[in-house]
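Participant: Make a model of this:
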Amino acid sequence: MSNKTESTVEISIRKKIFNWAAVAFFVYLVLVAVSTVSSGFKLFSGGTAGAKEIFEFATNPFVALLLGALATALVQSSSTVTSVIVGLVAGGLPIGIAIPMVMGANIGTTITNTIVSIGHVRDKAEFKRAFSAATVHDFFNLIAVAIFLPLEIVFGFLQTIAQYCAHLFVGDTDLSIKSLNFIKPLTKPAVGFLKDILSFIPGSNMGLAMVVIGILIILVSVTSLGKVLRKVMVGRAKDILHNAIGRGPIAGITSGTVVTVMVQSSSTTTSLMIPLAGSGVFTTKQIYPFTLGANIGTTITALLAATAISGAASEVALTIALVHFLFNVFAVVVIFGLPFLRDLPIIAADKLARIGSENKFIALLYVIGGFFILPGIMMLAAR
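Facilitator: Residues are numbered from 1 along each chain as shown. Just a heads-up that it's a prediction; the model follows:
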């Protein structure tokens, strides 16, 4: 009897080890897939050079906002776009045009976790939970822009505060925490290997192929990750994660900020939460504060980019980086702090998720139309 008990325990331990190894593997695949899509979009759209060309014809705040959103959706990285904006401001781009751009970057960066949520599309209940958790980020950022962009155009308070702070701190921003970005070194070999395999495809078409393959990897890995998470997220493991994220809004915001500062990518941070939501480990309400922390944490990249600017332009570069930081902090304080605004993103996300789970075409139309077609049309119309 004792031998049977020991054998059962050993099997149970082996299963746990195997399941956790599977979680690590599929999480890595998600990271690689997100990096592949990001690299593919950069290659297809021309990367930083392409972003600069896009920004050249920004003529008013509304066009600048749409440009920021569209460029970020194309490049799949608000970090890249905000870093480009910092460089452009240092090169003479007016801050009044740059501020709507960074706000637009906040909107565009949410497309990645929305794509990840589509990985749950085959299961209606899972897709509803995942799509809701992904789009709550969208609606929060849209509400933030709707509140703060008009106020900034009229009063310029973000620019005023940022300029004051930049004047105080310029010259004292030599500290760099780029070494904390351990995600890129982890995923770079796999993405590079994929590029080598696709090297026979000419020019930007290789970028398009990488996007397609990245999305396919996301679909497979997220589906598999969701299945494994149901097995491992029980007992103590679930309690530990809930203490970090599901304990309350302060813990959630803090966790989201810290993790995003470490990986320097809000897309990565929020994307990894979507399978947990789809699997029912967390609700949209619990993940909501975590995404707000990710918004704050992602501003570290623009701040780091500003430290690379020297001379007379350093202060103005730091100013736009601080605007990005202040915008996200104030948005969390105002929207999450005011009870009548706090639940609006959740309500909107849940409603869209219900509609999208009933009609998958509407969910797909939301992603393609909302992030690419509509901003493109509106941008052209506003010129």
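Participant: Can you show me the helices along the stretch 151-300 of the chain?
Facilitator: 157-169, 183-197, 204-232, 236-241, 249-263, 266-271, 274-278, 284-297, 300-307 (DSSP state H, counting those that start in this stretch).
Participant: Redo the ones you listed as TSV? Include distance to Leu142.
Facilitator: For glycine as for every other residue, the C-beta is placed from the backbone atoms N, C-alpha and C. As requested, the helices of the stretch 151-300 of the chain are exported to TSV (distance: least, Cβ to Cβ, whole Å):
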stretch	distance to Leu142
helix 157-169	18
helix 183-197	27
helix 204-232	24
helix 236-241	28
helix 249-263	19
helix 266-271	15
helix 274-278	19
helix 284-297	13
helix 300-307	21
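Participant: Pick out the shakiest of those, pLDDT-wise.
Facilitator: Among those, helix 236-241 carries the lowest mean pLDDT, a mean of 56.
Participant: measure Gly92 to Ala317 for me?
Facilitator: Noted for Gly92: a distance of 11 Å to Ala317, by Cβ to Cβ, to the nearest Å.
Participant: Check Phe336 too.
Facilitator: From Phe336 across to Ala317, the span is 29 Å (Cβ to Cβ).
Participant: Between those two, tell me which one has more neighbours.
Facilitator: Between Phe336 and Ala317, counting by other Cβ atoms under 10 Å, Ala317 is the more crowded of the two (28 against 18).
Participant: from memory that one sits against Val86, does it?
Facilitator: Yes. Assessed by Cβ atoms under 8 Å, Ala317 is found in contact with Val86 at 5.1 Å.
Participant: How about Asp138: what's its closest non-neighbour residue?
Facilitator: Thr110 (4.7 Å; Cβ to Cβ, 6 or more residues apart in numbering).
Participant: Enumerate every residue touching the one you found.
Facilitator: Contacts for Thr110 (Cβ atoms under 8 Å, 6 or more residues apart in numbering) come out as Ala134, Thr135, His137, Asp138, Asn141, Thr270.
Participant: low-scoring stretches of the stretch 51-200 of the chain, by residue?
Facilitator: 51-59, 76-77, 91, 171-184 (pLDDT under 70).
Participant: What are the boundaries of the strands in it?
Facilitator: Applying DSSP state E, counting those that start in this stretch to the stretch 51-200 of the chain gives no strands.
Participant: quick one: which of the helices of the stretch 151-300 of the chain is nearest Asp343?
Facilitator: Checking the helices of the stretch 151-300 of the chain against Asp343 by Cβ to Cβ gives helix 284-297 as the closest, at 8.4 Å.
Participant: Does anything pack onto the closest one? Which helices or strands?
Facilitator: If contacts are counted by 3 or more Cβ pairs under 8 Å, 6 or more residues apart in numbering; DSSP states H and E, helix 284-297 sits against helix 124-155, helix 249-263, helix 266-271, helix 274-278, helix 314-331, helix 344-358.
Participant: If we use 10 Å, what do you get?
Facilitator: Judged by 3 or more Cβ pairs under 10 Å, 6 or more residues apart in numbering; DSSP states H and E, helix 284-297 is in contact with helix 111-117, helix 124-155, helix 249-263, helix 266-271, helix 274-278, helix 314-331, helix 344-358.
Participant: Can you tell me which of these is nearest to Ala71?
Facilitator: Closest to Ala71 of these is helix 111-117 (Cβ to Cβ; 11.7 Å).
Participant: Distance from the closest one to the middle of the chain?
Facilitator: Helix 111-117 sits 9 Å away from the centroid of its parent chain (Cα atoms, centre = their mean, to the nearest Å).
Participant: quick one: buried residues of stretch 82-92?
Facilitator: Thr82, Ser83, Val84, Ile85, Val86, Gly87, Leu88, Val89, Ala90 (16 or more other Cβ atoms under 10 Å).
Participant: need the longest helix for this protein.
Facilitator: Secondary structure of the chain per DSSP state H: the longest helix is helix 2-45.
Participant: Who's the closest spatial neighbour of the spatially most central residue of the chain, skipping the chain neighbours?
Facilitator: Most central in the chain under Cα atoms, centre = their mean is Ser267, positioned 2.4 Å from the mean C-alpha point. Leaving aside its sequence neighbours, Ser267 sits nearest to Thr112 (Cβ to Cβ, 6+ apart; 3.8 Å).
Participant: Check Val32 too.
Facilitator: Val32 sits nearest to Ala190 (Cβ to Cβ, 6+ apart), 4.5 Å away.
Participant: Next, count neighbours for Ile373.
Facilitator: Neighbours around Ile373, by other Cβ under 10 Å: 12.
Participant: Model confidence for it, exactly?
Facilitator: Looking at Ile373, its pLDDT reads 79.
Participant: do the one 10 residues further on as well
Facilitator: Taken from the predicted model, the pLDDT recorded for Arg383 is 60.
Participant: Please apply the same query to Pro345.
Facilitator: 96.
Participant: so who does it touch?
Facilitator: 135-144, 284, 288, 291-292, 335-336 (Cβ atoms under 10 Å, 6 or more residues apart in numbering).
Participant: same thing but at 8 Å, please
Facilitator: Contacts of Pro345 by Cβ under 8 Å, 6+ apart are Val136, His137, Phe139, Phe140, Ile143, Tyr288, Ile335.
Participant: any idea how far the second one is from Lys16?
Facilitator: Put plainly, it is His137. 32 Å.
Participant: The two: which is more packed in?
Facilitator: Set side by side, His137 and Lys16 show more neighbours around His137, with 30 against 13, by other Cβ under 10 Å.
Participant: what sits against that one?
Facilitator: Thr110, Asn113, Thr270, Thr291, Ala294, Asn295, Pro345.
Participant: Quick check: chain neighbours aside, which residue is closest to the third one?
Facilitator: It stands for Thr270. In space, Thr270 is closest to Asn113, 4.4 Å off (Cβ to Cβ, 6+ apart).
Participant: Thought Pro275 was touching the one you found, still the case?
Facilitator: No. If you go by Cβ under 8 Å, Asn113 and Pro275 don't touch, sitting 10.2 Å apart.
Participant: show me what contacts the nearest residue to Val136 once chain neighbours are set aside?
Facilitator: Using Cβ to Cβ, 6+ apart and skipping the chain neighbours, the partner closest in space to Val136 is Ala349 (3.9 Å). Ala349 makes contact with Phe131, Ser132, Ala133, Ala134, Thr135, Val136, Asp138, Phe139, Thr284 under the criterion Cβ under 8 Å, 6+ apart.
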